[in-house]
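# Coordinates for the following, if possible.
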Amino acid sequence: MESVKGKIAVVTASTRGIGYACVEALAKKGAVVYMACRNLEVGNQKAAALNEQGCNVKTVYFEAYDNDSIVNMIDTVITAEGRLDILVNNFGGTSPVNDLDFMNTKYEEFTKYVDAHLATVFLASQRAIKKAMAKQKSGCIINIGSVAGIVTDTSQVAYGTSKAAIIHLSKMIAIHAAKYNITCNVVCPGMTATEAVKNNLTPAFQEFFLKHTPIRRMATPEEIADAVLYYAEAPFTTGQVTAVTGGFGIASPVYGDMLLMNNKR
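Predicted structure coming up:
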């Protein structure tokens with residue numbers, strides 16, 4: 001495995017949850033990590049706390065709904081460090097109120113989330129490759145997808161569609177950037193114990209979802225970060241998708257109900 005020690009990394013949307021866990025995992029392995037965030041005050045506080053533990057974490061402004069900020073984020077890091085080795089595109093956002101099923105989601109809401117998810121991956125990855133990674137003849141891009149991009153759902157049509165598109169886009173990047181010795185892979189979390197899950201999904205829905213998860217619990221953000229760290233240290237692995245879902249989606253669709261029946265047929 002290739003060490004990330006001394007490498008320059010950027011993790012988007014990273015002041016909490018999975019993004020923060022990725023920052024921490026990379027930084028504790030010796031990478032210089034830029035915490036790309038909208039709220040720089042919070043980011044600076046989080047970075048300072050990690051630096052007190054011996055890490056080297058910095059901040060850079062990032063706003064997922066502002067395309068210029070996505071490009072400027074990459075440019076700022078490359079100008080400061082002279083290179084960029086690892087890019088983790090972690091942003092993910094949706095609204096349970098507006099991102100509904102196909103029949104009831106407004107087109108404006110659909111395009112809002114699809115555009116943001118794809119822009120953060122496309123623009124950041126393209127800029128990183130053109131400005132640094134292609135010249136370096138090395139680089140690693142890791143995109144955070146979702147189980148929602150692998151299996152369909154009864155709602156969140158924009159979120160699921162955009163995360164599925166990220167999987168395909170990542171494979172395209174992997175093929176097109178391979179000649180520069182650049183890898184691109186995807187980590188797809190299942191239900192994860194983050195603030196977003198706690199704030200947006202009712203306890204009843206969480207329990208319902210976990211009923212169909214063979215490992216009957218949520219992932220921790222750190223467990224998702226473990227998969228990200230694997231790809232960051234695997235220079236011969238590219239175009240791959242890792243589902244960190246506790247087994248959700250691989251069993252029978254009626255798995256949870258079958259367990260309640262004690263497998264009686």
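
# all contacts plus neighbour counts: C-alpha atoms, from now on.
OK.

# where do the helices sit along the stretch 51-200 of the chain?
Residue ranges of the helices in the stretch 51-200 of the chain, as given by DSSP state H, counting those that start in this stretch, are 67-81, 107-128, 134-136, 157-177, 195-200.

# Adding mean neighbour count and mean pLDDT as columns, could you present the ones you listed in JSON lines?
Output for these, formatted as JSON lines (neighbours: other C-alpha atoms under 10 Å; pLDDT from 0 to 100):
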{"stretch": "helix 67-81", "mean neighbour count": "17", "mean pLDDT": "98"}
{"stretch": "helix 107-128", "mean neighbour count": "19", "mean pLDDT": "97"}
{"stretch": "helix 134-136", "mean neighbour count": "15", "mean pLDDT": "98"}
{"stretch": "helix 157-177", "mean neighbour count": "21", "mean pLDDT": "98"}
{"stretch": "helix 195-200", "mean neighbour count": "12", "mean pLDDT": "80"}
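
# right, so of those helices, which gets closest to residue 18?
Closest to residue 18 of these is helix 195-200 (C-alpha to C-alpha; 10.0 Å).

# after the closest one, next one along is what?
Going down the chain from helix 195-200, the next helix or strand is helix 203-211, by DSSP states H and E.

# contacting residues for the residue nearest the centre of the chain?
The centre of the chain sits closest to residue 144, judged by C-alpha atoms, centre = their mean, with a distance of 2.3 Å. Applying C-alpha atoms under 8 Å, 6 or more residues apart in numbering, one finds that residue 144 lies in contact with 88, 89, 90, 91, 186, 187, 188, 189.

# at 6 Å what do you get?
Contacts for residue 144 (C-alpha atoms under 6 Å, 6 or more residues apart in numbering) come out as 90, 186, 187, 188.

# The longest strand belonging to the chain pairs with which strands?
Secondary structure of the chain per DSSP state E: the longest strand is strand 182-189. Sheet partners assigned to strand 182-189 using DSSP bridges are listed as strand 139-144 (parallel), strand 241-244 (parallel).

# deepest of the ones you listed, which one?
strand 139-144 (a mean of 28; mean count of other C-alpha atoms under 10 Å).

# How about residue 210: what's its closest non-neighbour residue?
The spatially closest residue to residue 210, leaving aside those adjacent along the chain, is residue 216, at 5.7 Å (C-alpha to C-alpha, 6 or more residues apart in numbering).

# Also residue 132?
Closest residue to residue 132 apart from its sequence neighbours, by C-alpha to C-alpha, 6+ apart: residue 83 at 5.6 Å.

# Same check on residue 85?
Using C-alpha to C-alpha, 6+ apart, the nearest residue to residue 85 is residue 139, at 4.7 Å.

# So what pairs up with that neighbour in the strands?
Here residue 139, judged by DSSP bridges, has bridge partners residue 182.

# Now do it against residue 78, distance only.
The gap separating residue 139 from residue 78 is 13 Å, by C-alpha to C-alpha, to the nearest Å.

# Let me see the mean pLDDT of whichever strand or helix holds residue 36.
In this assignment (DSSP H and E), residue 36 forms part of strand 32-37. In this model, strand 32-37 has an average pLDDT of 98.

# Let's see the pLDDT reported for residue 263.
Model confidence at residue 263 (pLDDT) stands at 57.

# The residue nearest to residue 210 and residue 250, how far apart?
Taking C-alpha to C-alpha, one finds residue 216 at 14 Å from residue 250.

# before we move on, the earlier item: which other residues reach the strand holding residue 36?
So strand 32-37 is contacted by 7-14, 27, 56-62 (C-alpha under 6 Å, 6+ apart).

# Of those, just say which sits nearest to residue 200.
Residue 200 lies nearest to residue 13 out of the contacts of strand 32-37, by C-alpha to C-alpha, at 17.5 Å.
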